[in-house]
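Here is the input, now give the coordinates:
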Amino acid sequence: MIARRRKGQVIAIAAASMLGLAAPSNAVLAGAEGVHPGPMSRPQAYARAAALSGLGRKMFFDPALSASGLQACSSCHDPHRAFGPASAGPVEMGGPHMDQPGLRAVPSLRYLQAVPAFTEHFHDSDDEGDESVDNGPTGGLTWDGRADHGQDQARIPLLSPFEMANKDVGEVVAALARAAYADEFKAVFGDAVFDHPDQAFEATVEALGTFEQSAPDFYPYSSRYDAFLAGKATLTASELHGRQLFEDPLKGNCASCHLSEPANDGEPPQFTDFGFLGLGVPRNPAIPANADPNYFDLGLCGPQRSDLKGRSEYCGLFRTPTLRNVALKKSFFHNGYFHSLRDAVAFYASRDSDPGRWYPRNADGTIRQNDDLPKAYWANLNQDPPFGKKPGDKPALTDPEIDDIVAFLGTLTDADQQDQATH
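From the prediction side, this is the model:
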């Protein structure tokens with residue numbers, strides 16, 4: 001049995017990772033393999049990091065890097081939506097003709113700078129130094145944690161057949177060689193970089209990954225809750241009560257996975273423990289792949305992630321996202337089933353006590369509970385509070401309490417996104 005994380009766990013690794021990325025990472029210091037001459041001084045490294053980030057920004061907004069010529073990274077990761085999707089659709093369209101649907105909801109790219117590399121067994125010491133507790137799968141990017149670093153993640157959409165849909169790295173590099181910023185690319189990576197497509201592609205994802213780790217674009221920590229923690233803002237009575245419920249292990253219990261306290265060194269809370277959970281979110285018929293009754297998105301054990309295929313104990317587990325800027329979202333969870341934050345919170349509160357509210361019914365009237373997860377994997381579903389109740393039990397949260405948690409979550413919206421929070 002995988003142990004649940006304690007409230008203070010994983011903060012230290014998050015803070016260490018975040019601090020490491022505030023300065024040039026090893027990848028930035030070394031450069032893409034084969035395209036950088038060697039070691040640099042720290043000022044040179046910072047200058048190169050700035051150049052990489054600038055290049056990455058231009059590529060991020062360039063639709064010419066897609067096979068269709070119509071889709072940029074920013075098409076799905078809108079900077080006005082905290083680098084998440086602007087639409088309410090559960091998946092985005094892509095492909096050479098922009099007619100291929102994705103398989104999962106698009107996540108936000110904000111606040112990924114602290115995510116550690118994926119491990120199946122994360123051991124974190126408690127206050128007494130005990131590292132015997134196995135917290136299970138932790139870390140990695142994407143919903144199934146299959147990319148460890150920003151540049152690993154960046155290569156996925158460039159080559160995905162239902163995203164930017166380039167047929168190979170050569171096609172990406174050819175588009176870059178035609179770009180208005182091609183000379184800037186050569187200035188950073190060398191005049192002959194486009195003569196070596198594999199190296200040029202590694203340079204491409206390095207630049208994109210560097211941009212996607214840059215502040216303040218991707219981790220401004222400018223929400224009202226951040227100001228509150230710094231003693232520079234106040235919360236309303238409803239928001240304060242929502243925070244209490246969010247952290248109460250017998251009520252919302254949200255903070256057991258969405259860590260809400262600053263790290264020991266004072267770094268802001270990440271609102272995730274970087275772990276994986278099975279939640280039993282209802283199947284979304286709006287995802288075209290789900291028209292096949294034999295298709296199931298099982299998260300860690302596939303089908304998009306293949307190295308853990310057959311690991312039945314991981315089936316149905318998806319990465320716990322940060323809740324920062326969650327009030328901006330128009331769809332929730334890995335399959336975008338819910339379209340209001342209130343419904344998402346209410347689902348937690350009554351998934352087991354009132355399953356008929358959330359799941360469809362069979363022809364005979366019985367409830368098709370956990371309809372997006374084969375019964376063989378139901379043991380993987382989280383049963384910690386607020387889950388674990390029986391049908392007909394009193395839900396973990398009342399309607400006013402749900403409203404207060406939603407109010408608290410609204411305080412996590414970054415300052416540059418406030419205009420979008422009302423739309």
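
The top helix by length along the chain packs against which elements?
If you go by DSSP state H, the chain has its longest helix at helix 42-60. For helix 42-60, the packing partners by 3 or more C-beta pairs under 8 Å, 6 or more residues apart in numbering; DSSP states H and E come out as helix 26-30, helix 73-76, helix 182-189, helix 197-211. (Glycine included, C-beta is placed from N, CA and C.)

between the ones you listed, which one is nearest to residue 118?
Of all these, the one in closest proximity to residue 118, counting by C-beta to C-beta, is helix 197-211 (15.9 Å).

Just the buried residues of the closest one, please?
197, 199-211 (16 or more other C-beta atoms under 10 Å).

same deal with stretch 258-266?
Within stretch 258-266, the residues scored as buried using 16+ other C-beta under 10 Å are 258-260, 262-263.

can you give me the strands for this structure?
With strands called from DSSP state E, the chain shows them at 93-94, 100-101, 276-277, 318-319.

before we move on, back to that, can you list the helices and strands packed on helix 42-60 in TSV and add mean pLDDT and distance to residue 292?
TSV is the format used below for the helices and strands packed on helix 42-60 (pLDDT from 0 to 100; distance: least, C-beta to C-beta, whole Å):
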stretch	mean pLDDT	distance to residue 292
helix 26-30	37	39
helix 73-76	98	24
helix 182-189	96	42
helix 197-211	97	32
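
Dump those to JSON lines, plus distance to residue 279.
Converted to JSON lines, those look like this (distance: least, C-beta to C-beta, whole Å):
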{"stretch": "helix 26-30", "distance to residue 279": "33"}
{"stretch": "helix 73-76", "distance to residue 279": "23"}
{"stretch": "helix 182-189", "distance to residue 279": "42"}
{"stretch": "helix 197-211", "distance to residue 279": "29"}
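
Identify whichever of those lies nearest to residue 278.
Nearest of the helices and strands packed on helix 42-60 (C-beta to C-beta): helix 73-76, 25.6 Å.

Quick one: distance of the closest one to the chain centre.
For helix 73-76, the separation from the chain centroid amounts to 15 Å (computed by C-alpha atoms, centre = their mean, to the nearest Å).

Report all helices and strands that it contacts.
Packing partners of helix 73-76 (3+ C-beta pairs under 8 Å, 6+ apart): helix 42-60, helix 150-159.

Need the winner for burial among these.
Of all the helices and strands packed on helix 73-76, helix 150-159 carries the top mean neighbour count, a mean of 21, counting by mean count of other C-beta atoms under 10 Å.

and it, average pLDDT?
The average pLDDT within helix 150-159 is 95.

What angle do helix 42-60 and that helix make with each other?
Orientation check (axes from the mean of the first three to the mean of the last three C-alpha atoms, to 10 degrees): helix 150-159 against helix 42-60 gives 20 degrees.

residues in contact with residue 155?
Contact analysis of residue 155 by C-beta atoms under 8 Å, 6 or more residues apart in numbering lists 201, 205.

Apply 6 Å and report the result again.
By C-beta atoms under 6 Å, 6 or more residues apart in numbering, the contact list for residue 155 reads residue 205.

quick one: low-confidence ranges for the stretch 251-400 of the chain?
Applying pLDDT under 70 to the stretch 251-400 of the chain flags no residue at all.

Touching, residue 110 and residue 83? I think so.
Yes. Contact status for residue 110 versus residue 83: in contact at 5.2 Å, counting by C-beta atoms under 6 Å.

quick one: terminal-to-terminal distance for stretch 277-284?
18 Å (C-alpha to C-alpha, to the nearest Å).

Nearest to residue 305, out of the helices and strands packed on helix 73-76?
Taking these one by one with C-beta to C-beta, helix 150-159 is closest: 11.2 Å.

Tell me which of the strands of the chain is the most buried.
Scoring the strands of the chain by mean count of other C-beta under 10 Å, the most buried comes out as strand 276-277, with a mean of 25.

What is the neighbour count of residue 385?
A count of nearby residues for residue 385, using other C-beta atoms under 10 Å, gives 17.

Same question for residue 121.
There are 10 residues near residue 121, going by other C-beta under 10 Å.

Run a quick neighbour tally on the closest residue to it other than its chain neighbours.
Take residue 121 and drop its neighbours on the chain: the residue closest to it by C-beta to C-beta, 6 or more residues apart in numbering is residue 134, 5.2 Å away. Under the neighbour criterion other C-beta under 10 Å, residue 134 is assigned a count of 13.

how near is residue 134 to residue 120?
Remark: distance between residue 134 and residue 120 (C-beta to C-beta, to the nearest Å) = 9 Å.

Could you report the neighbour count for residue 191?
9.

Now do the same for it: its pLDDT.
According to the model, residue 191 scores 96 on pLDDT.
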